[in-house]
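> heads up, no residue letters with this:
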């Protein structure tokens, strides 16, 4: 067990999730809340409403009230302060579910106003990753989440901060989180220390491919996106790695698995349109359909790598 385990008491009528989608082009943050369906007497309308309070990085406060029947609540963010690795500025938000002035439930969360896209590099026809409509050169490292203090578990919040601080000191601006879904505290500090993250969905073993493994993978992918949607540091999801679980070298001869990878790529994109999605981060020229064209090139010899 490498994440905190806790039980939280909730009222029967409570806020399930708060999903915040930044819309930099229109200076909006779109709030989407879920809640269990209330049990109302016949003929009675729902008296509850949401109150959203946003505290901007510069101290400005924005408040919006909305009936709970609205599934998507756009909140105007005047002169949005954009999030980037060089200026990792966060908006803090409080969402309350209320009847009149009585607060039934309250969720504290945060988000960043940032935009991830693909567009031609200025002056060329080469597609390039853009952050806030400006091309960004990604210099990163593969992070398999091992650490010398507890294998997959950080011993303290300070140890997480040290890992991220050294990432910047070594000249990197992003990490590819591989092998496991990282603990929320790591993502919290990546947001605030300006480290971009490409997050893998953990794969299964090659001999496990089949309906059960596929179902578990999809459950993990859905739960990861649902839990971590509001973190501006995450700029990409990577569905699979090096055909792990998909057949390895024989993957190229298995068109049914190609189509499953393609369908999971499109499903991931449909669940989160705010980030880029890579189908399979490959070393066998085996992309199926992707927004990121990566390739793994291994050189374990210093002289050859230098040359």
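That came in fine, so what should we check first? Everything numeric here is computed off the predicted structure, so don't read it as measured data. Numbers count the residues shown, from 1 in each chain.

> where does the chain dip in pLDDT?
Low-confidence segments of the chain, defined by pLDDT under 70: 38-45.

> ok but residue 230 is inside a helix, no?
No. Counting by DSSP: H, G, I helix; E, B strand; the rest coil, residue 230 is not part of a helix but coil.

> hey, where'd the helices end up in the stretch 51-200 of the chain?
Chain-ordered helices for the stretch 51-200 of the chain, with DSSP state H, counting those that start in this stretch as the definition, fall at 157-169, 184-193.

> How about the longest one, which residues are buried there?
So that's helix 157-169. Residues 160-161, 163-164, 167 are the ones in helix 157-169 that count as buried (16 or more other C-beta atoms under 10 Å). Glycine gets a C-beta too; all of them are placed from N, C-alpha and C.

> Just want the angle from it to helix 184-193.
Angle, helix 157-169 to helix 184-193, by axes from the mean of the first three to the mean of the last three C-alpha atoms, to 10 degrees: 40 degrees.

> related to what we said a few turns ago, rebuild the helices of the stretch 51-200 of the chain as TSV, extending it with distance to residue 274.
Below are those laid out as TSV (distance: least, C-beta to C-beta, whole Å):
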stretch	distance to residue 274
helix 157-169	22
helix 184-193	14
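
> Among the ones you listed, which comes closest to residue 3?
Closest approach to residue 3 among these (C-beta to C-beta): helix 184-193, 7.7 Å.

> Could you list the buried residues of the closest one?
186-193.

> ok, now stretch 222-234?
Those would be 224-225, 228-234, for stretch 222-234 by 16+ other C-beta under 10 Å.

> how about those in CSV, adding distance to residue 301?
CSV is the format used below for the buried residues of stretch 222-234 (distance: C-beta to C-beta, whole Å):
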residue, distance to residue 301
224, 36
225, 39
228, 37
229, 41
230, 43
231, 37
232, 38
233, 33
234, 34
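
> Endpoint to endpoint, stretch 192-200 covers what distance?
21 Å (C-alpha to C-alpha, to the nearest Å).

> And stretch 288-298, by the same measure?
21 Å.

> In contact with residue 49: list those residues for me.
When contacts are counted by C-beta atoms under 8 Å, 6 or more residues apart in numbering, residue 49 touches 65-68, 97-99.

> Out of these, which comes closest to residue 133?
When those are compared against residue 133 (criterion: C-beta to C-beta), the nearest one is residue 66, at 29.4 Å.

> Identify the bridge partners of the closest one.
residue 50 (DSSP bridges).

> so it touches residue 73, yeah?
Yes. Residue 66 lies in contact with residue 73 (C-beta atoms under 8 Å); the separation is 4.6 Å.

> Would you mind telling me which of those two has the busier surroundings?
Taking other C-beta atoms under 10 Å, residue 66 and residue 73 do not tie; residue 73 has more neighbours (20 against 16).

> quick one: buried residues of stretch 238-249?
Quick answer for stretch 238-249 (16+ other C-beta under 10 Å): 238-247.

> hey, where'd the strands end up in the stretch 51-200 of the chain?
Taking DSSP state E, counting those that start in this stretch to define them, one finds strands in the stretch 51-200 of the chain at 61-67, 73-76, 91-99, 102-111, 116-120, 127-131, 134-135, 140-143, 174-177, 196-200.

> which of those is buried the deepest?
Of those, the one with the most neighbours on average (mean count of other C-beta atoms under 10 Å) is strand 196-200, at a mean of 24.

> what does that one rub up against?
85, 131, 138, 140, 173-179, 181-182, 187, 190, 224, 228, 231, 233-238, 241, 278, 281.

> Sheet partners, orientation included, of it?
strand 174-177 (parallel), strand 234-241 (parallel).

> can I get those in TSV with distance to residue 25?
Below are these laid out as TSV (distance: least, C-beta to C-beta, whole Å):
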stretch	distance to residue 25
strand 174-177	23
strand 234-241	17
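
> one step back: can you tell me which two in the buried residues of stretch 222-234 are farthest apart?
224 and 232 (16.0 Å).

> returning to what we had before: quick check, nearest of the buried residues of helix 184-193 to residue 267?
Out of the buried residues of helix 184-193, the member with the shortest distance to residue 267 (by C-beta to C-beta) is residue 187, at 22.1 Å.

> Once you drop chain neighbours, what's closest to that closest one?
residue 231 (4.7 Å; C-beta to C-beta, 6 or more residues apart in numbering).

> do the same with residue 227
Closest to residue 227 by C-beta to C-beta, 6+ apart is residue 184, at 7.3 Å.

> Residue 22 now?
residue 113 (4.7 Å).

> Tell me, how many residues neighbour that neighbour?
Neighbours of residue 113 using other C-beta under 10 Å come to 23.

> Please consider this matter closed, and thank you.
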